[in-house]
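**Student:** No letters, just coordinates:
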């Protein structure tokens, strides 16, 4: 536990010194909240609906934030540490490969939580978002958010352990993240995209995550309709876990 705490403090200080990381994890979600909130925050989603545009921004921002932290932050951090031979030095310390990943995940989760608090506060206090969830949906929302966090974080870890070159890791991470953004409905409405792109989105976790968390957040979820999305995320988490267990990080490379 002491080793995990030490790595958490070290990685947190390192992240706070990175202006690019601060921008993508804290400032960009705030910008998205302000842009969406100013554009259609007070507008109803549909005629006669009590839901406003700002009510769907929070779950979208949450998924965007977790995907950015997992698919870009974690693999780039690991690849840079490996290129500097830091991972080889870590291995001489009393810390295991699992403890290092856990400490790094906690670090990015902590920064994500801070960002979540900031843009949620703006959503509620500036653009008057409404909290719609009941106790059951809130509980499922929290559990699903942790599942989404795990999927994206372990997905980023898989990128890191399969690509040795830091520059290549950066490119693959960015392309993977942007591919999910542009096929999930965040950047462009999914209905306006070609049919083959909509089908491709079903193979990526971001679209499933947004659909589930949006319906939970707005209290409009029908669990039978969203069962395939839940099943997809759970199965993907299990598959990625087995991949990581099988393909471990090479500390000395």
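**Tutor:** Done, it's in. Note that the structure is predicted; figures quoted are calculated from it, not measured.
**Student:** any chance you could map the helices in the stretch 51-200 of the chain?
**Tutor:** Taking DSSP state H, counting those that start in this stretch as the criterion, the stretch 51-200 of the chain carries its helices at 57-68, 74-83, 86-90, 97-125, 135-162, 166-182, 195-201.
**Student:** and those helices, which one is worst for confidence?
**Tutor:** Lowest mean pLDDT within those: helix 86-90, a mean of 71.
**Student:** Pipe the helices of the stretch 51-200 of the chain into a markdown table and attach mean neighbour count per row.
**Tutor:** (C-beta placed from N, C-alpha, C; glycine too.) Shown next, in a markdown table, are the helices of the stretch 51-200 of the chain (neighbours: other Cβ atoms under 10 Å):
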| stretch | mean neighbour count |
| --- | --- |
| helix 57-68 | 25 |
| helix 74-83 | 21 |
| helix 86-90 | 15 |
| helix 97-125 | 18 |
| helix 135-162 | 19 |
| helix 166-182 | 17 |
| helix 195-201 | 13 |
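**Student:** right, so of those, which gets closest to residue 12?
**Tutor:** Of all these, helix 97-125 sits nearest to residue 12, with 5.2 Å by Cβ to Cβ.
**Student:** Centroid-nearest residue for this structure?
**Tutor:** residue 66 (1.5 Å; Cα atoms, centre = their mean).
**Student:** Test my guess that that one contacts residue 150.
**Tutor:** No - here residue 66 does not reach residue 150: they are 9.4 Å apart, not a contact under Cβ atoms under 8 Å.
**Student:** Next up, the contacts around residue 202.
**Tutor:** Going by Cβ atoms under 8 Å, 6 or more residues apart in numbering, residue 202 touches residue 208.
**Student:** again with the one 5 residues further on
**Tutor:** Contact analysis of residue 207 by Cβ under 8 Å, 6+ apart lists 180, 183, 184, 185, 190, 201.
**Student:** go on, residue 3?
**Tutor:** By Cβ under 8 Å, 6+ apart, residue 3 lies in contact with 93, 94, 95, 99, 103.
**Student:** what would those look like in JSON lines with distance to residue 122?
**Tutor:** What follows is the contacts of residue 3, written out as JSON lines (distance: Cβ to Cβ, whole Å):
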{"residue": "93", "distance to residue 122": "40"}
{"residue": "94", "distance to residue 122": "42"}
{"residue": "95", "distance to residue 122": "38"}
{"residue": "99", "distance to residue 122": "35"}
{"residue": "103", "distance to residue 122": "30"}
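**Student:** and stretch 191-204, how far out from the chain's middle?
**Tutor:** Distance of stretch 191-204 from its chain centroid, counting by Cα atoms, centre = their mean, to the nearest Å, is 20 Å.
**Student:** Check stretch 201-215 too.
**Tutor:** Put simply, stretch 201-215 sits 12 Å off its chain's centre (Cα atoms, centre = their mean).
**Student:** repeat for stretch 166-175
**Tutor:** Centroid separation between stretch 166-175 and its chain, computed with Cα atoms, centre = their mean, is 17 Å.
**Student:** Tell me which residues are up against that stretch.
**Tutor:** Residues outside stretch 166-175 that contact it (Cβ under 8 Å, 6+ apart) are 71-72, 75-76, 78-80, 82-83, 156, 159-160, 163.
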